[in-house]
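Asker: missing the sequence, but the structure's below:
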C-alpha cells in the first residue's frame, strides 16, 4: 500500500482500475488514523484526567494527613502543657505537703499554745511566704478577736494587727467562721468587714482567714466550737490561689488539733499540779496531825514534869522575901520559861487543828518583850557567831512611854525569838540586828492600812528576799534553808499575830536586808484597868489530891499546905475513890477533891462521878493539860466544878479553892 501511495504520489497518475479501491482505502486510513488519533487524544485526556484526579485525591489525602498531623501536634502540645501544669501543681502540692509536714512536726514538739501559734506564724512568713501571718483568739463573750501571735515580719510592719490588738466582730462577719468556713478575700479594697479593714490598714490587699475549731460536745455530739482564726495576707490583690486556700484550710485543722492537745496537756499539768499540791497539803496535814498526836501523848508527862517547877518557883517568889535580886531574877526567868514551855506544848498539840482562843489577852509591854527576847537569844546572836569568826551587833531602839498592847506575852515573846533566829540566819557573815519598838499614828504596811498601831520590828542587814520568797515566807513548811529549816518559824509568828488581831508586814529586797514588823492595834482600854489584883488566900480546907505522878502530888501538897490547907493524897483513881468514901464514912469528909484527868484504869471522869454520887456538895477541881481546850469547846467533863490547866499556877489554884 505504501508503494501504491508512493507511486501515486510520484507519478501523479491513477489508473481507472485502481481509483475506487484507493479512495476507499484512503478513507479507511483516514478514518482509522482519525480514530487512532481520537483514541490517542481521548486516552491522553483520560490519562491526564486520571492523573489530575489521582493528584487531587493524593493532595486531599496529603492535606487530610497534614491536618491530622497538625491536630496531633496541637494535641501533643496541649498534653505537654497539661503535663507541665500537672507537674507544676504536683510540685506545688509536694512543697505544700512538705511545708505542712514541717509545720506539723514543729508544732508537735511544742507543748503550749503560745509557742505553737508563734511557730506557725513565723514559718508561714518565711516559707510560704506571706506578708502577714497571725493567729487571733476568739472571745465568745465579747465577740472579739485578740491577736495573740504574729510572725516577726508582721510584728514589725503590721501595726494594726500587732500583738494584743482586739477586733470587735459583727454577727454577720462571724457567721461563716462559726460554721467553719474559710474566708478568702482576693481584694479587700472595698470590703467593709472589721477584719479585712484591719488588713487593708496594714497596706495589704488579699487575705485568707481559716477558722480554728475544737470538738465541743457540750451543745451536740460532733459540734465544733470556734476558738480562733489563722489569718494570712499578701500585699498584692489576688495573692492566693485555690491550692493556697486548701493548704491553709488543712493547716488550720492541724493547728487546731495541736492547740487542743496543748490545752489538754496544760489542763492535765494543772490537774497534776493541783493533785500534787493537794497531796502535799494532805501530807503536811498528816504530819501536823502526827505531830499533834505525838505532842498530845507527851503533853501529859511534860506538864506533870514542869508543874512542880512552876509551883515551887511561884511559892519561893511569894514566901521568901529575903531572896537576893539576882535569885529573884533567876526565879522570874524560870517561871517565864516554864509558862512558855507549857504554851509551846499546847500549841504543838493543837497545831494541826484550827487555832482556838486558849488564852485571854492581857496588857503586854513590847519593850519588855524585846529585852527578854534579846536576853533569851543572846547565845544565838552573840556566842555562836563569834565561834564561827563573825560578829552580829545587837541594837535596841525602844521608844519610851510606849503603850501596852493586848496580847499573850509568851506568844509575842516566842514570835520575837523566832524572828531573831531568822535574822541571824539571814546574816551568814555577820551584820547588824536591830530590835525596834515605836508608836505609829499611821502604819506603812503593805496592805495600805493607815490605822494607828504599836509596832515591834526586827531588822537585819542580811541577804534579803526576792518578791516570790517574800510572798510565800509565812506559808507552813516553806523554807529556803533546805534540810536545816522546818518552814514553821514565820508560820508560827503569823499564827501569833493573827490570834491577837495584829498584822505582820515584811519589807525585803535581795542584798538589802529584811524588816519584819508586828503591828498591834492600839488598845482602847487604859492599862491600869487591865491590871490583875492578887487573889486572897481561901480559908483552910480539907483537900484530897488524886494523881498518878508522885512528884506533882508532892508539889501540890506543899503548895496547898503552905496556904494552911489540910491535904491528903491518892496515887490513882481507884485509891482516891476509896479514900474519899472512907473519909465520908468516918465523918471527916473532904471539902474539895483535886483530880487529874488522864490516869490508868480509873480516870478523872470516873473519880468526879463517884465523888458527886457519894456527896453532891463536895467540889471537884480537875487538873489537866487539856484544860483550856476542853473549856473552850464546852467539853468540861460532867460532875466537875472547876477545870484547871497544867502546869497549875498558885493564883489559879487559889481562885478555884475560893
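Answerer: Cool, got the structure. Treat the numbers as computed from the prediction; the structure is a model and nothing was measured.
Asker: May I have the phi/psi pair for the spatially most central residue of the chain?
Answerer: Most central in the chain under Cα atoms, centre = their mean is residue 270, positioned 6.7 Å from the mean C-alpha point. Torsion angles at residue 270 (phi, psi; degrees, to the nearest 10) stand at phi -60, psi -40.
Asker: okay, it: pLDDT?
Answerer: Residue 270 is assigned a predicted lDDT (pLDDT) of 86.
Asker: repeat for residue 38
Answerer: Looking at residue 38, its pLDDT stands at 73.
Asker: do the same with residue 611
Answerer: Looking at residue 611, its pLDDT stands at 90.
Asker: thinking again about what came up before, what's the spacing between the residue nearest to the centre of the chain and residue 264?
Answerer: For residue 270, the distance to residue 264 equals 11 Å [Cβ to Cβ, to the nearest Å]. From N, CA and C alone the C-beta is placed, and that goes for glycine too.
Asker: any residues in contact with both of the two?
Answerer: Between them, residue 270 and residue 264 share no contacting residue under Cβ atoms under 8 Å, 6 or more residues apart in numbering.
Asker: Just give me the neighbour total for residue 260.
Answerer: Close neighbours of residue 260, defined as other Cβ atoms under 10 Å, add up to 16.
Asker: Check residue 222 and give its pLDDT.
Answerer: Reported pLDDT at residue 222 in the predicted model: 52.
Asker: Check residue 201 too.
Answerer: For residue 201, the pLDDT comes out at 90.
Asker: Tell me who's in contact with it.
Answerer: Neighbouring residues of residue 201 by Cβ under 8 Å, 6+ apart: residue 160.
Asker: Roughly how far does it sit from residue 139?
Answerer: Distance from residue 201 to residue 139, by Cβ to Cβ: 21 Å.
Asker: Can you tell me the strand partners of the helix or strand hosting residue 595 and which way each runs?
Answerer: In the assignment (DSSP states H and E), residue 595 maps to strand 592-596. Based on DSSP bridges, the pairing partners of strand 592-596 within the sheet are strand 542-546 (parallel), strand 619-624 (parallel).
Asker: what does the longest one contact?
Answerer: Surrounding strand 619-624, the residues in contact under the criterion Cβ under 8 Å, 6+ apart are 547, 591-598, 604, 607-608, 611-612, 630, 637, 639-646, 648, 656-657.
Asker: Show me how far it is from its chain's centre.
Answerer: Using Cα atoms, centre = their mean, to the nearest Å, the mean C-alpha position of strand 619-624 is found 52 Å from that of the whole chain.
Asker: can you give me the strands in the stretch 401-550 of the chain?
Answerer: 405-407, 431-440, 453-460, 503-508, 514-521, 542-546 (DSSP state E, counting those that start in this stretch).
Asker: Can you add mean pLDDT, mean neighbour count and distance to residue 66 and give those strands back as a markdown table?
Answerer: Listed next are these as a markdown table, based on pLDDT from 0 to 100; neighbours: other Cβ atoms under 10 Å; distance: least, Cβ to Cβ, whole Å:
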| stretch | mean pLDDT | mean neighbour count | distance to residue 66 |
| --- | --- | --- | --- |
| strand 405-407 | 85 | 24 | 119 |
| strand 431-440 | 88 | 19 | 109 |
| strand 453-460 | 89 | 24 | 108 |
| strand 503-508 | 86 | 19 | 100 |
| strand 514-521 | 88 | 22 | 103 |
| strand 542-546 | 90 | 23 | 137 |
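Asker: With residue 111 as the reference, measure out to the residue nearest to the centre of the chain.
Answerer: 13 Å.
Asker: again, but for residue 564
Answerer: In this view, residue 564 and residue 111 are 81 Å apart by Cβ to Cβ.
Asker: just residue 41 next, same as before
Answerer: Look at residue 41 and residue 111: by Cβ to Cβ, they are 105 Å apart.
Asker: who's more crowded, these two?
Answerer: residue 111 (14 against 10).
Asker: what about that one, which SS state?
Answerer: Three-state call for residue 111 (DSSP: H, G, I helix; E, B strand; the rest coil): coil.
Asker: dump the residue contacts of it.
Answerer: 262, 265-266.
Asker: Number of residues surrounding residue 63?
Answerer: With other Cβ under 10 Å as criterion, residue 63 counts 10.
Asker: again with the one 5 residues further on
Answerer: Counted by other Cβ under 10 Å, the residues lying close to residue 68 total 10.
Asker: got the domain boundaries for the chain?
Answerer: The chain breaks down by automatic domain parsing into domains covering 2-95, 113-240, 299-354+533-658, 360-530.
Asker: For residue 276, which of the ones you listed is the nearest?
Answerer: Closest to residue 276 of the domains of the chain is domain 360-530 (Cβ to Cβ; 14.0 Å).
Asker: now the closest one, how far from the centre of its chain.
Answerer: 31 Å.
Asker: now do stretch 110-118
Answerer: Relative to its parent chain, stretch 110-118 has a centroid offset of 18 Å by Cα atoms, centre = their mean.
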